[in-house]
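Enquirer: okay, here's the prediction I keep looking at, along with the sequence it came from:
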Amino acid sequence: MTNGVTTTGTTTTTSTPVTTATTAPGATPATSTGTGTGTMTEDQLGLIMQGHVAFQALWAAHELGVFPHLSAHPDATADEVAKETGLPASSLEVLLGALRGLGLVEEHDGRLRNAPLAEEHLVPGRPGSYTPMLGWQRHIVYPGLSDFTASLREGTSVGLRNFPGPGDTLYHRLAVHPELRGVFHEAMSGLSALANQGLSASGALGGSRHVVDVGGGDGTNAIALASAHPGLRVTVFDLPSVTELARQNIERAGLTDRVGVHSGDMFTDTFPDGVDAVLFSHILNIFDPPVSVTLLRKAYDTLPPGGKVAVLNMMQNDTKDGPATTMLAAPYFLAVASGQGRLYSWSEYESWIREAGFSGYERFGDLPFFHGLHVGTR
Ligand SMILES: C[S@@+](CC[C@H](N)C(=O)[O-])C[C@H]1O[C@@H](n2cnc3c(N)ncnc32)[C@H](O)[C@@H]1O
């Protein structure tokens, strides 16, 4: 893994690959999607129109265990897959047609196998698997996004009506939807597991004594950080319905001596005393820019001189047209999660960290699944 661009103070230094501070290292250039360049094919346009069908085909294959079966039995015949999934032959033909059309499954001489990317990312339980995120798309993003136009018009999360309960955000409502809470945190844990190896490998928080992981969820990042840095203490700060989940995971990981939980609201409660680093992982994208700056200022006020703030997120490039995976993650925050927020660009995060008062600044690119890491030093 490369660390891409490093910017400290006002000086920008680069390590390989050479890039500029306005380009997300490792991010897929917008042109590679074919969008906005006049190179889109009719088939790509049709794929966008039927994007919901594409997802349902992916979801059905996941539910029916097609990818793990083909992984364990490459070169299976359609009859064998029909038997394994319990589908009538004609139904399987429909599903396989969709999967082959999407390039997820390949057929050679009547034998089926996962395409390389499906083999790498769609087999559950494998490091690098995207499958933990599928249930969240199916059960939360999908129903919520049916209200996207209304959310755009009203400038708020109309899609939240699909998840009745107390509070104005999905996170508060999940307190009364335990099954969906499990689905949500499985997804976040899966997404974080893809990216947090980059956080640990960067060494950005390796010299810290005690990190508070604000909105730390089920503890996935705290556990990874504490495992990578044996001298480090980490406290997961989250809503009460979530810290219990983190507590159980920390116990299972055997890290209760160094990783703890702290229940609270990140806006109304103070961060724990004595920390010398604050982590915001997949947090600042939930809110509008002034709110993000407020949270960064709160981190600044909590930290001693030399203390660090780390921001881990999927990154938008500075021209705000890609990568498509990041751009398509943003509508969910408006329509469902919080009624605000976006997947922001490299320069936006940098400017907020500086605006909050941090004098040192570094960025780390080339993190998996379109992620980047920003580190400010007080
Ligand atoms: C998108 S998840 C990120 C989870 C984790 N940081 C990660 O990267 O996997 C957002 C987290 O923020 C928490 N959260 C949302 N609003 C909060 C608030 N007002 N106070 C504390 N935690 C909050 C949610 O419960 C959830 O765990």
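Expert: All right, it came through fine. This one's a predicted model, so the numbers in the text were calculated from it and none came from an experiment. Residues are numbered from 1 along each chain as shown.
Enquirer: and the helices in the stretch 1-150 of the chain?
Expert: Under the criterion DSSP state H, counting those that start in this stretch, helices of the stretch 1-150 of the chain are mapped to 42-49, 51-63, 66-72, 78-85, 89-101, 116-121, 134-136, 142-145, 148-154.
Enquirer: quick check: mean pLDDT of the second one?
Expert: What helix 51-63 shows for mean pLDDT is 98.
Enquirer: then it to PDB, C-alphas only?
Expert: Output in PDB follows, covering the C-alpha atoms of helix 51-63 (Å, rounded to 0.1, in the frame of the first residue of the first chain):
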ATOM      1  CA  GLY A  51     -29.900  -0.400 -11.900                       C
ATOM      2  CA  HIS A  52     -32.500  -1.500  -9.400                       C
ATOM      3  CA  VAL A  53     -32.900  -4.800 -11.400                       C
ATOM      4  CA  ALA A  54     -29.100  -5.300 -11.400                       C
ATOM      5  CA  PHE A  55     -29.100  -4.900  -7.600                       C
ATOM      6  CA  GLN A  56     -32.000  -7.400  -7.200                       C
ATOM      7  CA  ALA A  57     -30.100  -9.900  -9.300                       C
ATOM      8  CA  LEU A  58     -27.000  -9.500  -7.200                       C
ATOM      9  CA  TRP A  59     -29.100  -9.700  -4.000                       C
ATOM     10  CA  ALA A  60     -30.900 -12.900  -5.200                       C
ATOM     11  CA  ALA A  61     -27.600 -14.500  -6.100                       C
ATOM     12  CA  HIS A  62     -26.300 -13.600  -2.600                       C
ATOM     13  CA  GLU A  63     -29.400 -14.900  -0.800                       C
END
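Enquirer: next, the buried residues of it.
Expert: For helix 51-63, burial by neighbour count (16 or more other C-beta atoms under 10 Å) applies to 54, 55, 57, 58, 59, 60, 61, 62. C-beta coordinates here come from the backbone N, C-alpha and C atoms, glycine included.
Enquirer: just the residues contacting that helix, thanks.
Expert: 47, 67, 95, 98-99, 102, 104-105, 122, 124, 131, 134, 137-138, 142 (C-beta atoms under 8 Å, 6 or more residues apart in numbering).
Enquirer: enumerate the residues of the stretch 101-250 of the chain near the ligand.
Expert: 169, 171, 188, 192, 215, 216, 217, 220, 221, 238, 239, 242 (C-beta under 6 Å from any ligand atom).
Enquirer: the fourth one looks like it's in a helix, true?
Expert: It refers to residue 192. Yes: counting by DSSP: H, G, I helix; E, B strand; the rest coil, one finds residue 192 located in a helix.
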